[in-house]
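Asks: give me a model of this one.
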Amino acid sequence: MGKKVVVGMSGGVDSSVAAYLLKEQGYEVIGVNMQMWHGGDTETDMGNGVCGTSGAEDAKKVADMLGIPFYVADFRKAFKNCVVDYFVEEYLQGRTPNPCNACNRFVKWEALLEKAAKMGADYIATGHYARIERLAGGRYAVKNSATAQKDQTYALYGLSQEQLSRTLMPDGDYTKEEIRGIAVKLGLPVAAKPDSQDICFIPDGDYAAFLEREAPERLAGEGDFVGMDGRVLGRHKGITHYTIGQRKGLGLSMGHPVFVTGIRKETNEVLIGESEDLYARQILCEKMNYMAMEDLPEPKRAVGKVRYAHKGSACLLEKLPDGRVKCTFDEPVRAPAPGQAAVFYEDGYVLGGGTICGTLS
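Replies: Just a heads-up that it's a prediction; the model follows:
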């Protein structure tokens, strides 16, 4: 097997150190900055993010210090088609999207692997905090990183076996502090650069305003807030302003905290309830991607996560005749939202995952 690897260099500390680690391991490293998004009239709208020109400039500085070739590749079309359009459509349908998961599957991996093949590279690499292992049966799986605090396996459940077989993740064996320590020791200019926190194409976090710019003609407009008993409680600004579990910004005077418990796109209603109404014991998942296991022929115990920050809860997985998976948690989980990913683990390995499409209780 060859030793040439294309590293997706965002201009952040994680991918920068990943490039260094692979060079130290003897790989022929090529740095590629993926230009994926710019809004407005300039490419500098992303500020210090990793999708605009500032990320490319930082990545170039690091590549020069490491003495590796560096290129900037334009992936904006793929990003728009596979991530931004998907993000907008999910919100318009009353669901909560996972743009980072879509980006990983269809842009960072699919598009970058295609680019790497043209460059004669055998692998691609990223700065994700996760590990890839080939299991006894021959399948590849993502495994929890050395640091639970930064573990990013949840966002990687959608990768295919082919993608995993050609991917390296050197940062997975280190903690974030250790990675920053390496960057400081090397004198990398990005050693103290803060982590990116927001969705890269919505740096101000105002999803509703973004949707109003992207699809103004498709927004449903105002509608009713409806209680669990069917009573109309007030008027909302439009379903794209709300997500399951939201408490702030509702503008309802109920005398105590209330939460968004459901979004009904068909009737343009936002369902309001109490904290306990957010909990569900059973969820349904569609669009499954199996990873450590090839399929789900019989019920299986696992640990399930219904959002990135969820620590995981014990559950039973059952495949339904239509291909969807029913997940029954031992204890109810809070605010599983249609559109979000449910990812299932066993002994730290990702068994697979899918998109939450409903709850049963």
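
Asks: output the below-cut-off pLDDT ranges for the stretch 101-250 of the chain.
Replies: Per-residue confidence for the stretch 101-250 of the chain (pLDDT under 70) gives these ranges: 197.

Asks: can you show me the helices along it?
Replies: Assigned by DSSP state H, counting those that start in this stretch, the helices in the stretch 101-250 of the chain fall at 110-118, 161-165, 176-186, 207-214.

Asks: my guess is Lys150 contacts Lys176, does it?
Replies: Yes - using CB atoms under 8 Å, Lys150 is in contact with Lys176, at 4.8 Å. Placement of C-beta: from N, CA and C, glycine included.

Asks: can I get the helices of the stretch 101-250 of the chain in JSON lines with mean neighbour count and distance to Arg235?
Replies: Formatted as JSON lines, those follow (neighbours: other CB atoms under 10 Å; distance: least, CB to CB, whole Å):
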{"stretch": "helix 110-118", "mean neighbour count": "17", "distance to Arg235": "42"}
{"stretch": "helix 161-165", "mean neighbour count": "16", "distance to Arg235": "46"}
{"stretch": "helix 176-186", "mean neighbour count": "16", "distance to Arg235": "44"}
{"stretch": "helix 207-214", "mean neighbour count": "16", "distance to Arg235": "15"}
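
Asks: how about JSON lines for those helices, with distance to Ala78 added?
Replies: Output for the helices of the stretch 101-250 of the chain, formatted as JSON lines (distance: least, CB to CB, whole Å):
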{"stretch": "helix 110-118", "distance to Ala78": "5"}
{"stretch": "helix 161-165", "distance to Ala78": "15"}
{"stretch": "helix 176-186", "distance to Ala78": "28"}
{"stretch": "helix 207-214", "distance to Ala78": "17"}
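
Asks: which one, of those, ends up nearest to Leu316?
Replies: Among the helices of the stretch 101-250 of the chain, helix 161-165 comes nearest to Leu316, with 25.2 Å by CB to CB.

Asks: distance from the chain centre to the closest one, please.
Replies: 18 Å (CA atoms, centre = their mean, to the nearest Å).

Asks: got a list of contacts for it?
Replies: Trp109, Glu110, Leu113, Ile132, Arg134, Arg139, Tyr140, Ala141, Val142, Met291 (CB atoms under 8 Å, 6 or more residues apart in numbering).

Asks: who wins for neighbours among these?
Replies: Val142 (29 neighbours; other CB atoms under 10 Å).

Asks: within the helices and strands, which one has Ala314?
Replies: Ala314 is part of strand 313-319 when elements are defined by DSSP states H and E.

Asks: and that strand, what does it pack onto?
Replies: With contacts taken as 3 or more CB pairs under 8 Å, 6 or more residues apart in numbering; DSSP states H and E, strand 313-319 sits against strand 300-305, strand 325-334.

Asks: which one of those lies nearest to Ile356?
Replies: Comparing those by their distance to Ile356 (CB to CB), the top pick is strand 325-334, with 8.9 Å.

Asks: what angle sits between the closest one and strand 313-319?
Replies: 160 degrees (axes from the mean of the first three to the mean of the last three CA atoms, to 10 degrees).

Asks: and strand 325-334, which strands flank it?
Replies: Strands adjacent to strand 325-334 in the sheet, as given by DSSP bridges, are strand 279-290 (antiparallel), strand 313-319 (antiparallel).

Asks: which residues sit against the longest one?
Replies: Strand 279-290 is contacted by residues 157-160, 296, 306, 320, 323-329, 331-336, 342, 351-361 when judged by CB under 8 Å, 6+ apart.

Asks: rewinding a little: closest one of the contacts of helix 161-165 to Leu21?
Replies: Ile132 (14.5 Å).

Asks: isn't Met169 right up against Ile124?
Replies: No - between Met169 and Ile124 there is no contact, the gap being 10.0 Å when judged by CB under 8 Å.

Asks: what's the neighbour count on Gly11?
Replies: When counting by other CB under 10 Å, one arrives at 26 neighbours for Gly11.

Asks: helix, strand, or coil at it?
Replies: Three-state call for Gly11 (DSSP: H, G, I helix; E, B strand; the rest coil): coil.

Asks: now swap in the one 5 residues further on and tell me
Replies: Assigned by three-state DSSP, the conformation of Ser16 is helix.

Asks: closest one to Pro194 among the helices of the stretch 101-250 of the chain?
Replies: Ranking these by proximity to Pro194 (CB to CB) places helix 176-186 first, at 10.9 Å.

Asks: span of stretch 59-78 from start to end?
Replies: Terminal residues of stretch 59-78 are spaced 21 Å apart (CA to CA, to the nearest Å).

Asks: run through who's touching that stretch.
Replies: Contact partners of stretch 59-78, identified using CB under 8 Å, 6+ apart, comprise 9-11, 15-16, 19-20, 23, 29-38, 56, 106-107, 110-112, 115, 186-190.

Asks: just the buried ones from the residues you listed?
Replies: 9-11, 15-16, 19-20, 23, 29-38, 56, 106-107, 110-112, 115, 188-190 (16 or more other CB atoms under 10 Å).

Asks: tell me the contacts of Glu114?
Replies: Here Glu114 is in contact with no residue (CB under 8 Å, 6+ apart).

Asks: I'd say Arg139 and Glu294 touch.
Replies: Yes - with contact defined as CB under 8 Å, Arg139 reaches Glu294; the gap is 6.6 Å.

Asks: any residues in contact with both of Lys150 and Lys176?
Replies: Counting by CB under 8 Å, 6+ apart, the contacts common to Lys150 and Lys176 are Tyr129.
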